[in-house]
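Chemist: here's a sequence, model it:
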Amino acid sequence: MPVHAPHPLQDPGRGLRPAVREARSLARQSLHFGDAQEQASALSGWNQDYLQLSAGLFQGELAQVEGSGIKLFVERVQQSVLQTGQLPPRVLALGVPLQASGGGMFCGRLCGLDAVHLFSGRSGFEFRTSRQHTMLGLELQLAEGVELPLAAGALTHTVRPLAKIKAYVMELYQSARRDPALLSTPAVVASVSDFLLDSLLRAPGSTDTLSGSAHAHWALVQRCVARVQEAQDSAPTVTQLCMEMGVSRRTLQNAFLRVLDMSPLAYVKAVRLKQAREALKSAQSVTEAATASGFWHFGHFAHDYQALFGELPSDTRKRQS
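Modeler: Numbers count the residues shown, from 1 in each chain. A predicted model of the protein is given here:
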């Protein structure tokens, strides 16, 4: 049976980067398991089965930080385990390996620390871990009607912005540990969803192709801009724009690049920065204005804000006082 651990997990990976070592230390309260299947059942909704493959006493640990739209967790197993499961169609689940004593096998592909694991997909997943395996996981509830057009698997060379995905999930985990309420903020959930879907769908080999002329691109972007301007308080996500316009994400990406020389994600970020600038006029703090506009990493927010507006958000707020 799982029990609450009185202390964080000790970190055996002394050579890891500081951010990785912090994630490896788990959270203030961890669950310890002496049975692989009990650990599998602790992640609700994954429909998992854990089969212990290597001989010896099983020791596992799990720590979770959860909001209304995002769940983050660090999981450790100390035996080789065959994990099988299937997530609901509107759940995006990723795993960032932090420690491994050897190679693993994810959906038929050899994988190591350089991979990102995509657990989502209609066919389910199958993952054989090494004897010592620690992973930082993310579970994200996608918007109604959204389906992830990718199969489960170990993402390595097939996804170009892989390092950015790893860093992004790590920074989100660190921020959520300091302020778990971030994971229940709708604007933050939307911005995380946009970033991850945009990154995953940049993989080469997509069957989606551009159709229509330059005029069609221009008309599509105009409709999107009008839709964003209508939503004065909260900019729609790229996913919402695709659904409302009846086009794929790749089609929208191509149109924005051709017409505005920027991705739809970059456009939506600029709109959110503008919303934050307006919010600074009445917000109690810079943090409040940033969070309400979907920015959870305040260092990145300040950098992006200054790059766009030529001043720090604190300078903007000072002028209003």
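
Chemist: phi, psi for residue 45 please.
Modeler: When read as degrees, to the nearest 10, the backbone of residue 45 gives phi 90, psi -10.

Chemist: next one: it from residue 185, what distance?
Modeler: Between residue 45 and residue 185 the distance is 21 Å, computed by C-beta to C-beta, to the nearest Å. C-beta here means a position set from N, CA and C on the backbone, and glycine is covered the same way.

Chemist: ok, the two, which is more surrounded?
Modeler: residue 185 (21 against 13; other C-beta atoms under 10 Å).

Chemist: hmm, that one is touching residue 288, no?
Modeler: No: counting by C-beta atoms under 8 Å, residue 288 is not a contact partner of residue 185; they are 10.9 Å apart.

Chemist: and stretch 75-85, C-alpha only, in PDB?
Modeler: Below are the C-alpha coordinates for stretch 75-85, written out as PDB (Å, rounded to 0.1, in the frame of the first residue of the first chain):
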ATOM      1  CA  GLU A  75       7.700   8.900 -11.000                       C
ATOM      2  CA  ARG A  76      10.500   6.600 -10.100                       C
ATOM      3  CA  VAL A  77      10.800   2.800 -10.500                       C
ATOM      4  CA  GLN A  78      13.700   0.700  -9.200                       C
ATOM      5  CA  GLN A  79      13.000  -2.400 -11.300                       C
ATOM      6  CA  SER A  80      12.500  -2.800 -15.000                       C
ATOM      7  CA  VAL A  81       8.700  -2.500 -15.600                       C
ATOM      8  CA  LEU A  82       6.600  -3.100 -18.700                       C
ATOM      9  CA  GLN A  83       4.000  -0.300 -18.700                       C
ATOM     10  CA  THR A  84       1.000  -0.500 -20.900                       C
ATOM     11  CA  GLY A  85      -2.000   1.800 -21.000                       C
END
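
Chemist: now do the SS call for the nearest residue to residue 127 once chain neighbours are set aside.
Modeler: Take residue 127 and drop its neighbours on the chain: the residue closest to it by C-beta to C-beta, 6 or more residues apart in numbering is residue 83, 4.4 Å away. When classified by DSSP: H, G, I helix; E, B strand; the rest coil, residue 83 comes out as strand.

Chemist: and residue 83, how many neighbours?
Modeler: For residue 83, the count of nearby residues is 25 (other C-beta under 10 Å).

Chemist: gap between residue 132 and residue 141?
Modeler: Noted for residue 132: a distance of 31 Å to residue 141, by C-beta to C-beta.

Chemist: how about residue 173?
Modeler: Separation of residue 173 from residue 141 (C-beta to C-beta) stands at 17 Å.

Chemist: settle it for me: which of the two has more neighbours?
Modeler: When residue 173 is set against residue 141 and neighbours are counted by other C-beta under 10 Å, the residue ahead is residue 173, at 21 against 18.

Chemist: angles on the backbone of the residue found closest to that one once you drop the neighbours it is linked to in the chain, please.
Modeler: In space, and not counting its chain neighbours, residue 173 is closest to residue 72: 5.0 Å by C-beta to C-beta, 6+ apart. Note on residue 72: its backbone torsions stand at phi -120, psi 140 [degrees, to the nearest 10].

Chemist: next, the contact list for residue 72, please.
Modeler: 64-66, 136-139, 169, 172-173, 176, 183 (C-beta atoms under 8 Å, 6 or more residues apart in numbering).

Chemist: hmm, try it at 7 Å
Modeler: Counting by C-beta atoms under 7 Å, 6 or more residues apart in numbering, residue 72 touches 65, 137-138, 172-173, 176.

Chemist: run through the bridge partners of it.
Modeler: residue 65, residue 138 (DSSP bridges).

Chemist: how close does it sit to residue 106?
Modeler: The gap separating residue 72 from residue 106 is 20 Å, by C-beta to C-beta.

Chemist: now do residue 214
Modeler: From residue 214 across to residue 106, the span is 42 Å (C-beta to C-beta).

Chemist: out of the two, which sits in the busier spot?
Modeler: The residue with more neighbours, out of residue 214 and residue 106, is residue 106; 25 against 10, by other C-beta under 10 Å.

Chemist: could you find the closest non-adjacent residue to the more buried one?
Modeler: residue 154 (3.8 Å).

Chemist: any idea how far the host helix or strand of the one you found is from the chain center?
Modeler: Assessed by DSSP states H and E, residue 154 sits inside strand 153-155. Centroid separation between strand 153-155 and its chain, computed with C-alpha atoms, centre = their mean, to the nearest Å, is 15 Å.
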